[in-house]
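K.L.:
just the structure for this:
(chains A and B)
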Amino acid sequence: MVGLGFRREFAEEMISGTQITPDFIEFAPENWMHIGGYWKKMLHRVVEKYPVLCHGLSLSIGSPEEPDKEFLRYVKSFLDEYQVRIYSEHLSYSKCDNAHLYDLLPMPFRMDAALHMAGRIQQVQDYLQRPLAMEIISYYTPVSPEMSEIDFISEVVQRSGCQLLLDVNNIYINAFNHHYDAKDFITRLPLDKVAYIHMAGHEQVSPEMILDTHGHPIADPVYDLFEWTIRQIRPVPVLLERDFNIPQMPELQAELTRLKTICHQQWKHHELVA
Amino acid sequence: MSSLPDTPQLQHRFTQHCRTGIRTTLPGVAPDRLTHYRQAIRHMVKDTMESAYPITCANIPARKWEGMVRTFFARHACTSYQVWKLPLEFYTYAVENNWDDVYDIPYLSDLLAFEWAEIEVFNMEDIAPAAFVSTGHWLETPLVLNPEYRLLSFKYPVHREARRARLLKEKGAWFVLLHREPGTGNVKFTGISPWLAFVIEQLAAGITVKDILEYAPQLGITVTEELEKDTLAFLTDMQQQHFVFGFQP
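P.N.:
Numbers count the residues shown, from 1 in each chain, chains lettered A, B, ... in the order given. So this is what the prediction gives:
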């Protein structure tokens, strides 16, 4: 299955299904909770047409603070209401000192942070009664690391029992920005825990830095890394993210088609995933 | 399971820099990369405010506006997990800190309230109306109103004007009704008189037009045939605009 992030900019096109045909959609619960009117109707229409996966933004699992219980209650209710198949979040934090910053901030790769995060994930999984698929974020600087990124991630996954959302573009960006080998990094991940893949575009803004923009087509080297990556894992849903600089629908459809073709080629011996 | 002090302290310093720009040193963090995070967050907050408050932003000198947004984000701990509600916190912060006086923009809180109300009414959760029928006696039958509305009162007519000089000349008591049109979800604005604002408040409480008119003299309002006629004409028009849904069965 290859899906597309649901955005208001192309909601009509997704609902009509004439120019673009994802196998599923994904959206952030935070962007659709507690709303009514026009967009609630649109949400219901799109949910009737496509299976739904949700990708959260505000859980801030790495925050020093306790999880927001009211927010979690709404998330649980939302996931049930829309029969969401996978709920994913980020191995990061976006809130500190009880203030939201609305960005995905890098966790210090330290044992105390890994233990803290694993505990929080367990707490949320227990409450939601479902596993979380945690995304390895793109990040632009390590913060006072005392262990490697791969050890940090492995520790969190092993201790929490969570699944992984593998954003291949993020791994490509991180490998470039932090000078490591993307394939080696992926090989060392607990790949049996990968439950979901994200793909997106990026922009190189300087000789030393690539930004994770979600505003450009997927770059060819990321397609190559994707093709290599999915050979290492069982079939999982794959999502195309496009949040900015939205192109004409045929361009997005072409990206979906290319991803589907790669999946079909690499996973043809596996059963289809639902 | 709790974190040891190290990581929360690092997170505090990282986020304090992102919010305030105050210099900090974090082992292993390249200053330019830290700056990237601060700028990305600042741009996001600025874009969110400019999208929510286009009239306010366009009618305040750019440096003053940017200073307001910067001060808000640095000093206020944003509590909403939904970014579209961030502008409400900005408005609330402006009121709580008396920014009308601080920035010498006496109509600032009115303008922010007006612009926020459109977002709020457009996005507000669906509210089921009370049961109603389409015919009834306009004077004697309690009316059923569209529950998806806000009635705003202003000191300045920010719904009609954005220019400072003109606004300052027209200080008074201004009322605006916003309601969400059920079919399209669009928000409609109607400037109304203090009397009609009072009528709407009473109708929403289930009082009939006849009872409202009978009570009016106690407020010092002289009820004339013209007032009654105009009131009913307004309500009839608001039925066409899907603010008055009908009559209680």
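K.L.:
so the nearest residue to residue A:191 once chain neighbours are set aside: helix, strand or coil?
P.N.:
Spatially, and ignoring its direct neighbours in sequence, residue A:191 is nearest to residue A:233 (5.1 Å; Cβ to Cβ, 6 or more residues apart in numbering or on different chains). Every C-beta, even on glycine, is put in place using the N, C-alpha and C of the backbone. On the three-state scheme (DSSP: H, G, I helix; E, B strand; the rest coil), residue A:233 is labelled coil.
K.L.:
wait, what's in contact with residue A:233?
P.N.:
Counting by Cβ atoms under 8 Å, 6 or more residues apart in numbering or on different chains, residue A:233 touches A:166, A:191, A:192, A:194.
K.L.:
show the buried residues in those.
P.N.:
A:166, A:194 (16 or more other Cβ atoms under 10 Å in any protein chain shown).
K.L.:
between all of the contacts of residue A:233, which two are separated the most?
P.N.:
Largest separation among these by Cβ to Cβ: A:166 and A:192, giving 11.9 Å.
K.L.:
what ranges do the helices span in chain B?
P.N.:
B:6-20, B:31-52, B:54-58, B:62-75, B:86-96, B:99-102, B:108-123, B:164-169, B:194-204, B:209-215, B:225-240 (DSSP state H).
K.L.:
quick one, phi psi at residue A:4?
P.N.:
Main-chain torsions, residue A:4, degrees, to the nearest 10: phi -140, psi 140.
K.L.:
what is the neighbour count of it?
P.N.:
By other Cβ atoms under 10 Å in any protein chain shown, 24 other residues sit near residue A:4.
K.L.:
what are the bridge partners for it, then?
P.N.:
Going by DSSP bridges, residue A:4 is paired in beta bridges with residue A:25, residue A:240.
K.L.:
quick one: residues contacting it.
P.N.:
Residues in contact with residue A:4 (Cβ under 8 Å, 6+ apart) are A:14, A:20, A:22, A:25, A:26, A:239, A:240, A:242, A:252, A:256.
K.L.:
now neighbour count too, for those residues, in TSV please.
P.N.:
Compiled in TSV, the contacts of residue A:4 are given as follows (neighbours: other Cβ atoms under 10 Å in any protein chain shown):
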residue	neighbour count
A:14	23
A:20	17
A:22	23
A:25	22
A:26	25
A:239	27
A:240	23
A:242	24
A:252	21
A:256	20
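K.L.:
just name the closest of those to residue B:36, please.
P.N.:
Nearest member of these to residue B:36, counting by Cβ to Cβ, is residue A:242, at 22.0 Å.
K.L.:
thinking that closest one is in contact with residue A:252, fair?
P.N.:
Yes. Taking contacts as Cβ atoms under 8 Å, residue A:242 lies within contact range of residue A:252: 6.1 Å.
K.L.:
doesn't residue A:91 make contact with residue A:135?
P.N.:
Yes. Look at residue A:135 against residue A:91 with Cβ under 8 Å: they come within range, at 6.5 Å.
K.L.:
please report phi then psi for residue A:164.
P.N.:
Torsion angles at residue A:164 (phi, psi; degrees, to the nearest 10) stand at phi -110, psi 140.
K.L.:
list the residues that contact it.
P.N.:
Taking Cβ under 8 Å, 6+ apart as the test, what residue A:164 contacts is A:133, A:134, A:135, A:136, A:153, A:157, A:189, A:190, A:193, A:194, A:195, A:196.
K.L.:
and the fourth one, how many residues sit next to it?
P.N.:
Applying other Cβ under 10 Å, we find 25 residues neighbouring residue A:136.
K.L.:
for residue A:216, see how far away it is.
P.N.:
Going from residue A:136 to residue A:216 by Cβ to Cβ, to the nearest Å gives 20 Å.
K.L.:
same deal with the last one?
P.N.:
Going from residue A:196 to residue A:216 by Cβ to Cβ gives 22 Å.
K.L.:
so these two - more neighbours on which side?
P.N.:
More crowded of residue A:196 and residue A:216, by other Cβ under 10 Å: residue A:196, with 24 against 17.
K.L.:
give me the three-state assignment for the more buried one.
P.N.:
Classified using three-state DSSP, residue A:196 is strand.
K.L.:
tell me who's in contact with the residue lying closest to residue B:207 once chain neighbours are set aside.
P.N.:
Among residues not flanking residue B:207 along the chain, residue B:142 sits closest, at 7.3 Å (Cβ to Cβ, 6+ apart). Residues in contact with residue B:142 (Cβ under 8 Å, 6+ apart) are B:203, B:206, B:207, B:208, B:247, B:248.
K.L.:
among those, which two are most distant?
P.N.:
Taking Cβ to Cβ, the two most distant members of the contacts of residue B:142 are B:207 and B:247; they sit 13.6 Å apart.
K.L.:
got the phi and psi for residue A:190?
P.N.:
Torsion angles, degrees, to the nearest 10, at residue A:190: phi -70, psi 80.
K.L.:
how close does it get to residue B:218?
P.N.:
75 Å.
K.L.:
more neighbours, these two?
P.N.:
Ranked by neighbour count (other Cβ under 10 Å), residue A:190 and residue B:218 place residue A:190 first, with 13 against 7.
K.L.:
contact partners for that one?
P.N.:
Contacts of residue A:190 (Cβ under 8 Å, 6+ apart): A:154, A:157, A:158, A:164.
K.L.:
ok, now with 6 Å
P.N.:
residue A:157 (Cβ atoms under 6 Å, 6 or more residues apart in numbering or on different chains).
K.L.:
how far away is it from chain B?
P.N.:
Distance of residue A:190 to chain B, computed by Cβ to the nearest Cβ, to the nearest Å: 20 Å.
K.L.:
pull out the buried positions in stretch A:172-185.
P.N.:
A:172, A:173, A:174, A:175, A:176, A:177, A:182, A:185.
K.L.:
hang on, the earlier thing: closest one of the contacts of residue B:142 to residue A:72?
P.N.:
Of the contacts of residue B:142, the one sitting nearest to residue A:72 (Cβ to Cβ) turns out to be residue B:206, at 37.9 Å.
K.L.:
how far away is the closest residue in space to that closest one that isn't next to it in sequence from chain A?
P.N.:
Once flanking residues are discounted, residue B:206 sits nearest to residue B:142: 5.1 Å by Cβ to Cβ, 6+ apart. Distance of residue B:142 to chain A, given as Cβ to the nearest Cβ: 25 Å.
K.L.:
repeat for residue B:180
P.N.:
Applying Cβ to the nearest Cβ to residue B:180 and chain A gives a distance of 6 Å.
K.L.:
for that residue, give me its contacts.
P.N.:
Taking Cβ under 6 Å, 6+ apart, one finds A:37, B:121, B:148, B:187 in contact with residue B:180.
K.L.:
ramachandran coordinates for the third one?
P.N.:
Per-residue torsions, residue B:148: phi -90, psi 80 (degrees, to the nearest 10).
K.L.:
ok, back up a step: reformat the contacts of residue A:164 as TSV; add pLDDT and distance to residue A:261.
P.N.:
Converted to TSV, these look like this (pLDDT from 0 to 100; distance: Cβ to Cβ, whole Å):
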residue	pLDDT	distance to residue A:261
A:133	98	24
A:134	98	28
A:135	98	24
A:136	98	25
A:153	98	30
A:157	98	30
A:189	98	25
A:190	97	28
A:193	98	26
A:194	98	20
A:195	98	22
A:196	98	19
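K.L.:
of those, which is the nearest to residue B:117?
P.N.:
So of those, ranked by how close each gets to residue B:117 (Cβ to Cβ), first place is residue A:135, at 36.1 Å.
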